[in-house]
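A.B. asks: With the sequence up front, the predicted model follows.
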There are 4 protein chains.
Amino acid sequence: MAGYSGTKDQYAKRLRRIEGQVRGIARMVDEDVYCIDVLTQISAVTKALQAVGIGLVEDHLNHCVVDAAKASDEEGREKVTEAAEAIARLVRS
Amino acid sequence: MAGYSGTKDQYAKRLRRIEGQVRGIARMVDEDVYCIDVLTQISAVTKALQAVGIGLVEDHLNHCVVDAAKASDEEGREKVTEAAEAIARLVRS
Amino acid sequence: MAGYSGTKDQYAKRLRRIEGQVRGIARMVDEDVYCIDVLTQISAVTKALQAVGIGLVEDHLNHCVVDAAKASDEEGREKVTEAAEAIARLVRS
Amino acid sequence: MAGYSGTKDQYAKRLRRIEGQVRGIARMVDEDVYCIDVLTQISAVTKALQAVGIGLVEDHLNHCVVDAAKASDEEGREKVTEAAEAIARLVRS
């Protein structure tokens, strides 16, 4: 079971919406919409994606990382290192 | 005509790919894929989206902003201010 | 003359403030201040730095890029490409 | 004791270096250095600051969050929520 299993439906709904927004950006480009308006939409979709990422980080910490830490200090440290690397990728994207 | 009209097809192709990647993330969530792998994919899609944004900024500067600056100093400044605000949103997303 | 020469004093003031804030973060670490409070300050300083960056981009576009575009199309495109690469680094930092 | 107490000296060294880099940016502005070179340095300093932030997140997770989770599920969840909010601020800065 994934750390986010308890909130899967909400993530599914948010991702479907983001998918539709990306399709919307493609339509804007197809219709020669003014660049700035397309850029505004790209920033909005990027934020929505990152918000999903942050939610997944929280679920992962609450379940996978905490469970590993309770199992053994070593497992806990491994999971934290792995999580910190994923967080770093989010920060740099 | 939008500043990006000359490269519309490439943007359309990249956006279709991003749309497919978002659908792929939704499938990962549906299949309870490990959180870290989903997060890695979210960072990749965020970067791809931002790369489209940076391309649009370059096209916008090359066409809309430069044309406005050649028309009048005032129009040029207005377009630069508008572009800087869009760039700020990209930086903060 | 740099594109930002007209607003140098304001940048100097903002950068001095940011320098002081970084020193403040070092002091927090020295005094074992709670991690979350240090992280909050790091985010604030990062935002302040990026705001200086966005201001410099706007000045650069208004002066260096527009002047080059008025001199010749080729010079204009070169300056826009250079600016877009700097903007990309800001977006990814 | 803060979660980062074990690595305080390294953070102190990195922060002193970042402070010096910010002073260096101020000097560049004072000497009318070309905008793009100043922007490149701003991106480098922003990345260095965020790297310190990510290190602090990892230390915080390894100590404060794991210790709280071992004390009680409720304390663990509170610390995770607090950490996720700090991570969100880092992602958005």
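C.D. replies: Looks like it came in fine. Numbering: from 1, shown residues only, chains lettered A, B, ... in the order given.
A.B. asks: Kindly report the residues of chain A close to chain C.
C.D. replies: Counting by CB under 8 Å from any CB of the partner chain, the residues of chain A close to chain C are A:92-93. (Each C-beta comes from the backbone N, C-alpha and C, glycine too.)
A.B. asks: Quick check: the residue of chain A nearest chain C.
C.D. replies: Chain C sits closest to residue A:92 of chain A, with a gap of 6.5 Å, by CB to the nearest CB.
A.B. asks: what about that residue, neighbour count?
C.D. replies: 16 (other CB atoms under 10 Å in any protein chain shown).
A.B. asks: and if you look at residue A:68?
C.D. replies: 20.
A.B. asks: That one against residue A:79, yeah?
C.D. replies: Yes. Applying CB atoms under 8 Å, one finds residue A:68 in contact with residue A:79, separated by 4.1 Å.
A.B. asks: coming back round to it: show the contacting residues for the closest residue to the residue of chain A closest to chain C other than its chain neighbours.
C.D. replies: Excluding the flanking residues, the one nearest residue A:92 by CB to CB, 6 or more residues apart in numbering or on different chains is residue C:92, at 6.5 Å. Each residue near residue C:92 by CB atoms under 8 Å, 6 or more residues apart in numbering or on different chains is listed here: A:92-93, B:47, B:50, D:43.
A.B. asks: and if you look at residue A:60?
C.D. replies: By CB under 8 Å, 6+ apart, the contact list for residue A:60 reads A:3-4, A:83, A:86, B:35-36, B:39.
A.B. asks: same thing but at 6 Å, please
C.D. replies: A:3, B:35 (CB atoms under 6 Å, 6 or more residues apart in numbering or on different chains).
A.B. asks: now the angle between helix B:35-60 and the helix or strand in which it is found, please.
C.D. replies: Residue A:60 is part of helix A:35-60, with elements assigned from DSSP states H and E. Interaxial angle of helix A:35-60 relative to helix B:35-60 (axes from the mean of the first three to the mean of the last three CA atoms, to 10 degrees): 170 degrees.
A.B. asks: and of the contacts of residue C:92, the nearest to residue D:62?
C.D. replies: Nearest to residue D:62 among those is residue A:92, at 20.9 Å by CB to CB.
A.B. asks: Next one: the host helix or strand of residue A:68, is it in contact with chain B?
C.D. replies: Assigned by DSSP H and E, residue A:68 belongs to helix A:66-71. No. Contact of helix A:66-71 with chain B (CB under 6 Å from any CB of the partner chain) is absent, the minimum separation being 12.2 Å.
A.B. asks: Which helix or strand lies directly C-terminal to that helix?
C.D. replies: Following helix A:66-71 in sequence, per DSSP H and E, is helix A:73-92.
A.B. asks: by how many degrees do that next one and helix D:73-92 diverge?
C.D. replies: Using the same axes, to 10 degrees: helix A:73-92 against helix D:73-92 is 30 degrees.
A.B. asks: Pull out the buried residues from helix A:73-92.
C.D. replies: For helix A:73-92, the buried set under the neighbour-count rule, 16 or more other CB atoms under 10 Å in any protein chain shown, comprises A:76-77, A:79-80, A:82-84, A:86-92.
A.B. asks: So residue A:79 is in contact with residue A:66, correct?
C.D. replies: No. Using CB atoms under 6 Å as the test, residue A:79 is too far from residue A:66 to be in contact (8.7 Å).
A.B. asks: Adding pLDDT and distance to residue B:22, write the buried residues of helix A:73-92 out as TSV.
C.D. replies: Below are the buried residues of helix A:73-92 laid out as TSV (pLDDT from 0 to 100; distance: CB to CB, whole Å):
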residue	pLDDT	distance to residue B:22
A:76	96	32
A:77	96	33
A:79	97	27
A:80	97	28
A:82	97	24
A:83	97	23
A:84	97	25
A:86	97	18
A:87	97	21
A:88	96	22
A:89	96	17
A:90	95	16
A:91	94	20
A:92	88	20
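A.B. asks: where does the closest residue to residue A:86 other than its chain neighbours land on pLDDT?
C.D. replies: Nearest non-adjacent residue to residue A:86, counting by CB to CB, 6+ apart: residue B:39, 4.4 Å away. Per-residue confidence (pLDDT) for residue B:39: 97.
A.B. asks: now do the one 5 residues further on
C.D. replies: In the prediction, the pLDDT value recorded for residue B:44 is 97.
A.B. asks: Let me know the distance separating it from chain D.
C.D. replies: 15 Å (CB to the nearest CB, to the nearest Å).
A.B. asks: try residue A:73
C.D. replies: Computed with CB to the nearest CB, the distance linking residue A:73 and chain D is 8 Å.
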